[in-house]
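>>> what shape does this take:
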Amino acid sequence: MAENQSSHTPRSTERVIGGTTVVELRGEIDILEAPPLSARLDTLTAGPCPDLLLDLRPVSFIDCSGLRVLCRVRNRVLTRHGRLRLVSDSHRFARILRSTFLTNVFEIHSDLPPDLVGVPLENATPTTVPSPPQGTGHSSGSSVSSTACGARRGVAAPSGP
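All right, here's what the predicted structure looks like:
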């Protein structure tokens, strides 16, 4: 039973626009593709205050392994006082999120936010973050406060107790 792996393998395009790492995923996100994708997203969210946008519109299939990757990256981003946004206009993906009670867990947009639309690739910075070495643990701690992260993104710090 041979499969054509080239049609199955998800591809991604990464770029940084104004401090936001935009990752466009294409193809299928399933049990075979989840581990390398998870490792890559771990690398992209390793620092303090990650601002990550995952464009899932070109994704043709996602299973529970893919949902696990999304939940993992969400938890890593929140632990580091960052922000994760998903872009999807798929009714099937919305139904999957509803049936797994994950709809209100993610910040979901049907299109790219206005500040990221129409930015030519020549004005975007391609990401060149190396993958983590095999066999190393993932650091989950961060000494940067959410106020510092918000200030970095131009978000006002909350006032009062």
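>>> list the buried ones in stretch 78-89?
Judged by neighbour count using 16 or more other CB atoms under 10 Å, the buried positions of stretch 78-89 are Arg80, His81, Gly82, Arg83, Leu84, Arg85, Leu86, Val87, Ser88. Quick note: C-beta positions are derived from backbone N, CA and C, even for glycine.
>>> my guess is the last one meets Leu56, correct?
This points to Ser88. Yes - using CB atoms under 8 Å, Ser88 is in contact with Leu56, at 4.3 Å.
>>> compute the first-to-last residue distance for stretch 45-56.
Stretch 45-56 stretches 18 Å from its first residue to its last (CA to CA, to the nearest Å).
>>> could you do stretch 56-68 as well?
15 Å.
>>> in TSV: the buried residues of stretch 78-89, plus secondary structure, pLDDT and distance to Glu24.
Below are the buried residues of stretch 78-89 laid out as TSV (DSSP: H, G, I helix; E, B strand; the rest coil; pLDDT from 0 to 100; distance: CB to CB, whole Å):
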residue	secondary structure	pLDDT	distance to Glu24
Arg80	coil	97	22
His81	coil	97	25
Gly82	coil	98	19
Arg83	strand	97	17
Leu84	strand	98	15
Arg85	strand	97	13
Leu86	strand	97	12
Val87	strand	97	9
Ser88	coil	97	12
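>>> okay, and Thr13 sits in which element?
Per DSSP states H and E, Thr13 falls inside strand 11-17.
>>> partners of the residue lying closest to Phe106 once chain neighbours are set aside in the sheet?
Counting by CB to CB, 6 or more residues apart in numbering, Leu86 is the residue found nearest to Phe106 once chain neighbours are left out, at 5.1 Å. Applying DSSP bridges to Leu86 yields these beta-bridge partners: Leu54, Ile108.
>>> residues contacting Leu86?
Leu86 is in contact with Leu53, Leu54, Leu56, Leu70, Phe106, Glu107, Ile108, His109, counting by CB atoms under 8 Å, 6 or more residues apart in numbering.
>>> now whichever strand in the chain runs longest: buried residues?
Assignment by DSSP state E gives strand 20-29 as the longest strand of the chain. Neighbour counts over strand 20-29 (16+ other CB under 10 Å) mark Thr20, Thr21, Val22, Val23, Glu24, Leu25, Arg26, Gly27, Glu28, Ile29 as buried.
>>> now stretch 65-82
Buried, per 16+ other CB under 10 Å, within stretch 65-82: 65-67, 69-70, 72-74, 76-77, 80-82.
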